[in-house]
Every structure is written in C-alpha cells, then in structure tokens.
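Chemist: Below: sequence and its predicted model.
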Amino acid sequence: LVLSTWKPPLRIAATNFDPEAREAAKQLREKLFFFGGDLSSQEDIPESGPHHGPEYSRGIRQAVADVWRNNQDRLVTVLGHSEDKVYNLNMATHKFCGALPGDGWSGNFESAVFAGCIPVIINDGVLMPFENILNFSHFSVRVAEADVPNLVDILEAIDATRVSAMQDSLAAVRSRFVFQVPLLDHKGESPTSHDPLEPHKGHPDAFTTIMEFFRYKKSRANVEVPPISSHEPRAQLSSDHKEVHLFQRQVAQTRLRTSRVQERLLRRKRNAGV
C-alpha cells in the first residue's frame, strides 16, 4: 500500500467540489501538458536545480525537458522552480500535468490531483499512492519511459469527451488523497476563519481509504484488492454493507472524540494564558 503525501490544507484548492466552478475551470485549460520543478540543472532553464547528473529522477525529468522544453507550438510548458503564483497558474491552464519521480520521491502527483490537472505518470514499475485500490485509468494517464518522445502524440490522441470524463473522475476521488486534520498554528489555534478542507467534509479521505484497505484485507485474506470505480467516490471495499456502515460510524465517532479532546486542550491553554 503506497500512501498519499500530506499537503498543507491551505495549498489545497476548493474549486473541484463545486460543479459550476469545475466546469468553468475546464474552459481555462487551453494548453496540453505542464511540468515544473527540479530538472537536474538543465541548461537554458532557469531555477532547474539543485540536483545534477543523470541518476536524479532516473533520468525521466531530464528526458522530458530535453524533448519538450520550449515547445509552445504544441502547448507544452516545462519549467524549473517557479513562484507559487506561476506554478498554480500553469496547473490551472493545462489539461495534463507530469507526475515524475524526483530523488526517489516526489509530491507532484498529489499537486496535480488537488489542482484538477490530469496526472501523467512516467515512472515504470512504480505504484502511485492508492494505485492498487483506485482505478487510475479513469483519472490519470500512464506513459512508458521509452515513450517520452511520443508524449504529446499520446495525450493529443485522447479526445475532449474522454478528457472531460477524466476530469470529473479526478474530482470524484480527490478527497481520498486529502488527510483531513485540524488546521492549527503553533499555538494550537486556527490561523484562519475559513477552513480550506470544508469542501472535503463528508467525503472519504486518505485516512478512510487506508482503513478500508486494511479492513478489506482482513476480511479477504490472501485476495487482491479490486479497483474502486473512480465514478463512485463512496465505493465500498466490502460487500457487507452493514459492516461498512458500522465501520464508517466508528471512524466518525473517533474523529469526534479527537476533536473534543483538542477543544479541551485549547481551552486549557487559553485559561492558562498560553
């Protein structure tokens, strides 16, 4: 089981849970493919370090940059590190975003998921988070490392109807990559009146997905976990619905108890003048 990486709540956009906003966002995605980040210090690409050498990213990021940088004619953008505003704008204006390995690990897959940009996975033989649970073919594209020179042809062959369906499926499973934890600052207080995770409430999150996986494995010993349909965000791993509903209530009760404990701790800190 490969776990999703944790992302700060303030970096998770909320638009994908608003159907109207999501449809409007689709119209902004006029460009095809984007990747930004460490490119092993490629020449002529600013801020593309700090890594050097062919071993970084197993040469995958370098191959993408070598073939597709400066290729605006085919609506491809490959950048080094950029300011958050530039990075987020590119995530919002491209249909597909690269999910490429870094120094053995990278969180750009989750960044693409949260931005509503269809992840393009180029990482032969390596599972993405929850890939053996969710049906990734519904909301992502996997391209073989040897096919990097054909990347744009592969993506352009996906018709607009399929792209739109994949974007909807991505929105349906998006909450499963979010760890719904309280947003608190170093004083144990909320730094903002707006909860950026509010749109995810009531949807299964990463914690739920992990527990469903283990519960299924316990009830189906030595049996592979079947993919969850990305069109069914509340898809159950167990055929026994009563068992699943009981488990979901137990998860909700545990979260409620945790929240109450945190509230008591905050009150004690305030009363103590901390």
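Modeler: Noted; the coordinates are in hand.
Chemist: quick one, phi psi at the residue lying closest to T209 once chain neighbours are set aside?
Modeler: Leaving aside its sequence neighbours, T209 sits nearest to R176 (C-beta to C-beta, 6 or more residues apart in numbering; 4.7 Å). Where you see a C-beta, it was placed from the backbone N, CA and C, and this is true even at glycine. Note on R176: its backbone torsions stand at phi -70, psi -10 [degrees, to the nearest 10].
Chemist: Let me see the ranges of the strands in the protein.
Modeler: Secondary structure of the chain (DSSP state E): strands located at 31-36, 76-79, 94-99, 118-121, 141-142.
Chemist: Mean neighbour count, mean pLDDT and distance to H203 added to those strands, as CSV?
Modeler: Putting the strands of the chain into CSV (neighbours: other C-beta atoms under 10 Å; pLDDT from 0 to 100; distance: least, C-beta to C-beta, whole Å) gives the following:
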stretch, mean neighbour count, mean pLDDT, distance to H203
strand 31-36, 22, 95, 26
strand 76-79, 21, 93, 31
strand 94-99, 25, 96, 22
strand 118-121, 23, 97, 19
strand 141-142, 18, 97, 24
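Chemist: Those into TSV, with extra columns for distance to D44?
Modeler: Formatted as TSV, the strands of the chain follow (distance: least, C-beta to C-beta, whole Å):
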stretch	distance to D44
strand 31-36	15
strand 76-79	11
strand 94-99	19
strand 118-121	23
strand 141-142	28
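Chemist: right, and the ones you listed - which one's nearest P204?
Modeler: strand 118-121 (19.3 Å; C-beta to C-beta).
Chemist: name the helices or strands packed onto the closest one?
Modeler: strand 94-99, helix 108-115, strand 141-142, helix 160-173 (3 or more C-beta pairs under 8 Å, 6 or more residues apart in numbering; DSSP states H and E).
Chemist: which ones are touching the residue nearest to T209?
Modeler: Counting by C-beta atoms under 8 Å, 6 or more residues apart in numbering, R176 touches 4, 130, 134, 203-206, 208-209, 233.
Chemist: hang on, the earlier thing: name the stretch among the helices and strands packed on strand 118-121 that sits most buried.
Modeler: Among the helices and strands packed on strand 118-121, the stretch with the highest mean neighbour count (mean count of other C-beta atoms under 10 Å) is strand 94-99, at a mean of 25.
Chemist: hey, C-alpha coordinates of it in CSV?
Modeler: Only the C-alpha atoms of strand 94-99 are listed here, as CSV (Å, rounded to 0.1, in the frame of the first residue of the first chain):
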residue,chain,number,x,y,z
HIS,A,94,-3.0,22.9,-18.7
LYS,A,95,-5.1,19.7,-19.1
PHE,A,96,-2.3,17.3,-18.1
CYS,A,97,0.4,17.6,-15.6
GLY,A,98,3.5,15.5,-15.2
ALA,A,99,3.8,13.1,-12.2
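Chemist: strand partners of that strand, parallel vs antiparallel please.
Modeler: If you go by DSSP bridges, strand 94-99 pairs up with strand 31-36 (parallel), strand 118-121 (parallel).
Chemist: what about the ones you listed, which gets the closest to M91?
Modeler: Comparing the strands paired with strand 94-99 by C-beta to C-beta, strand 31-36 comes nearest, at 6.7 Å.
Chemist: possible to save the helices and strands packed on strand 118-121 as JSON lines with distance to V86?
Modeler: Formatted as JSON lines, the helices and strands packed on strand 118-121 follow (distance: least, C-beta to C-beta, whole Å):
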{"stretch": "strand 94-99", "distance to V86": "13"}
{"stretch": "helix 108-115", "distance to V86": "13"}
{"stretch": "strand 141-142", "distance to V86": "24"}
{"stretch": "helix 160-173", "distance to V86": "22"}
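Chemist: Out of the ones you listed, which is closest to V148?
Modeler: Nearest to V148, of those and by C-beta to C-beta, is strand 94-99 at 10.2 Å.
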